[in-house]
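*Asks:* starting from these lines, generate the structure:
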Amino acid sequence: MLRIDAPPPYQCWDCTAIQRLCLSNGERLTREQAYARVRAGSLIHSGFEGGPRLIHAEREGTLYVRTAPNDTREDNLLQLPRGC
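*Replies:* From the prediction side, this is the model:
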């Protein structure tokens, strides 16, 4: 995955703010699509092949992905460039 569609870092508290993920093969996934793929066993890495693997998460009914086991502003996904 190369880019994310999310608010600027100063407005982004955790990975639930990510709306879309842009993969290196040109696909654009919603956070719910990414959640479904990761939950089904697909391997998606943050940033580059061999980067941190995405894990599926759910909070208050919101399905999303992240790389850290807990919600944090320092999650690798939030460090990716904005704009899909």
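*Asks:* show me the contacts for Leu80.
*Replies:* Met1, Leu2, Arg3, Ile4, Ser46, Gly47 (CB atoms under 8 Å, 6 or more residues apart in numbering). For every residue, glycine as well, the C-beta is placed using N, CA and C.
*Asks:* between the residues you listed, which is nearest Cys22?
*Replies:* Closest approach to Cys22 among those (CB to CB): Arg3, at 4.2 Å.
*Asks:* and the closest one, bridged to which residues?
*Replies:* Note on Arg3: beta-bridge partners by DSSP bridges are Cys22.
*Asks:* next, count neighbours for Gln11.
*Replies:* A count of nearby residues for Gln11, using other CB atoms under 10 Å, gives 8.
*Asks:* now it, nearest residue through space, not along the chain?
*Replies:* Excluding its sequence neighbours, the residue lying closest to Gln11 (CB to CB, 6 or more residues apart in numbering) is Ala17, at 7.5 Å.
*Asks:* Leu63 too?
*Replies:* With sequence-adjacent residues excluded and distances taken as CB to CB, 6+ apart, Leu63 is closest to Tyr35, at 4.1 Å.
*Asks:* can you check Arg59 too?
*Replies:* Nearest non-adjacent residue to Arg59 (CB to CB, 6+ apart): Thr16, at 6.3 Å.
*Asks:* so how far is Leu21 from the nearest residue to Pro52 once chain neighbours are set aside?
*Replies:* Computed as CB to CB, 6+ apart, the closest residue to Pro52 that is not its neighbour in sequence is Thr67, at 3.9 Å. Counting by CB to CB, to the nearest Å, the gap from Thr67 to Leu21 is 12 Å.
*Asks:* the two: who's more crowded?
*Replies:* Leu21 (28 against 21).
*Asks:* any idea how far the more buried one is from Gly47?
*Replies:* 11 Å.
*Asks:* who touches both of these two?
*Replies:* With CB under 8 Å, 6+ apart, Leu21 and Gly47 have common neighbours Met1.
*Asks:* phi, psi of His10?
*Replies:* I think there's a mix-up here, since residue 10 is Tyr and not His. With angles defined as degrees, to the nearest 10, Tyr10 sits at phi -70, psi -10.
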